[in-house]
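K.L.:
below is the sequence, then the predicted model.
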Amino acid sequence: MGDLLAARDHVFLDFDGPVCTLFSALPASEAADRLKALLSPGLPDDIAASADPFEILAFAASCGPSAASVVERQLKRLELEAVSQATPGALDVIHDLARDGYTLTIVSNNSVDAVRAFLVMHDLAQAVRRISARVDGDVSKLKPSPFLIEQAIRGLGTSPSRCLMVGDSVADIEAARAAGVAVVAYANKPGKRERFAPYEPDVIIEDLATLR
């Protein structure tokens, strides 16, 4: 970890997981059910059974731009309702990295508005300098696509070799690899270390304090 950080200037943090426990107050399954209620009856069985709001958004996008727009707006409202609780240790890690001179960017499939609300709520607007996150219902731009990471790199005017991505999902690893960025996989739940290992992240951590 020390070598990874020493060779880089910019740290990209996924939002839900490494920074915020987004659906701690509003379970993701409840959010998914609210989104499904916006769509026509007779959903495919896998979508009807899904507890993942992003799977519902992806299905809505397959139904056309109007459905995607409606579901995305509601998802943003739900994220704003759910955003509040920081991941244990995350605020200290963010402040320490910023103090040590790293430029911090949130790179997230969650909405820009939800991320911004969280940063203001926890007085992190100075520590986290940029946000590269969802702005519409176009799911093709979301991780595992490298779009959001590449957008962050362009915004900083830097190169992939100077950046490090920290995420808690296979999608984060795949997006970072596609963008040519080193990646730290945060195994914040049992079984994640084993799930991440085949994707060969540069480092797997179980405690955010390792980033300090």
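P.N.:
Received the coordinates, thanks.

K.L.:
now the longest helix along the chain, how far from the chain's geometric center?
P.N.:
The longest helix of the chain (DSSP state H) is helix 65-82. Centre-to-centre, helix 65-82 and its host chain are 16 Å apart (C-alpha atoms, centre = their mean, to the nearest Å).

K.L.:
buried set for it?
P.N.:
By neighbour count on 16 or more other C-beta atoms under 10 Å, the buried set for helix 65-82 is 67-68, 70-72, 74-76, 78-80, 82. No exception for glycine: its C-beta is placed from N, CA and C like everyone else's.

K.L.:
all the helices of the protein, residue numbers only.
P.N.:
2-6, 28-36, 45-49, 53-63, 65-82, 90-99, 112-121, 147-156, 170-179, 192-196.

K.L.:
can you lay out those helices as CSV showing distance to Arg212?
P.N.:
Below are the helices of the chain laid out as CSV (distance: least, C-beta to C-beta, whole Å):
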stretch, distance to Arg212
helix 2-6, 10
helix 28-36, 29
helix 45-49, 40
helix 53-63, 30
helix 65-82, 27
helix 90-99, 5
helix 112-121, 20
helix 147-156, 22
helix 170-179, 20
helix 192-196, 20
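
K.L.:
any idea which of these gets closest to Ile106?
P.N.:
The closest of these to Ile106 is helix 112-121. By C-beta to C-beta, the value is 5.1 Å.

K.L.:
for the closest one, packing partners?
P.N.:
helix 65-82, strand 103-111, strand 128-134 (3 or more C-beta pairs under 8 Å, 6 or more residues apart in numbering; DSSP states H and E).

K.L.:
for stretch 74-89, give the mean pLDDT please.
P.N.:
Regarding stretch 74-89, the rounded mean pLDDT is 93.

K.L.:
of the helices of the chain, which stretch is the most buried?
P.N.:
helix 170-179 (a mean of 22; mean count of other C-beta atoms under 10 Å).

K.L.:
nearest to Thr210, of the helices and strands packed on helix 112-121?
P.N.:
Evaluated over the helices and strands packed on helix 112-121, closeness to Thr210 peaks at strand 103-111, with 16.2 Å, by C-beta to C-beta.

K.L.:
parallel or antiparallel, list what pairs with that closest one.
P.N.:
Strand pairing for strand 103-111, using DSSP bridges, gives strand 10-13 (parallel), strand 128-134 (parallel).

K.L.:
nearest to Pro44, of these?
P.N.:
That would be, of these and by C-beta to C-beta, strand 128-134, which comes in at 23.3 Å.

K.L.:
can you give me the buried ones in that closest one?
P.N.:
128, 130-134.

K.L.:
so which residues make contact with the longest helix of the chain?
P.N.:
Helix 65-82 is contacted by residues 22-26, 31, 34-35, 38-39, 53, 56-57, 60-61, 110-111, 113-114, 117, 134, 136-139 when judged by C-beta atoms under 8 Å, 6 or more residues apart in numbering.

K.L.:
mind checking which of the strands paired with strand 103-111 is nearest Asp202?
P.N.:
strand 10-13 (12.9 Å).

K.L.:
just the mean pLDDT for that closest one, thanks.
P.N.:
Mean per-residue pLDDT for strand 10-13: 98.

K.L.:
before we move on, the earlier item: output the longest helix of the chain as CSV, nothing but the C-alphas.
P.N.:
Provided in CSV are the C-alpha atoms of helix 65-82 (Å, rounded to 0.1, in the frame of the first residue of the first chain):
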residue,chain,number,x,y,z
PRO,A,65,-35.0,7.0,-22.3
SER,A,66,-38.3,8.1,-20.8
ALA,A,67,-38.4,5.1,-18.4
ALA,A,68,-34.7,5.6,-17.6
SER,A,69,-35.2,9.3,-16.8
VAL,A,70,-38.2,8.6,-14.5
VAL,A,71,-36.4,5.8,-12.5
GLU,A,72,-33.2,7.8,-12.3
ARG,A,73,-34.9,10.8,-10.8
GLN,A,74,-36.6,8.7,-8.2
LEU,A,75,-33.3,6.9,-7.5
LYS,A,76,-31.6,10.2,-6.9
ARG,A,77,-34.4,11.2,-4.5
LEU,A,78,-34.0,7.9,-2.6
GLU,A,79,-30.2,8.3,-2.4
LEU,A,80,-30.7,11.8,-1.0
GLU,A,81,-33.1,10.3,1.5
ALA,A,82,-30.6,7.6,2.5
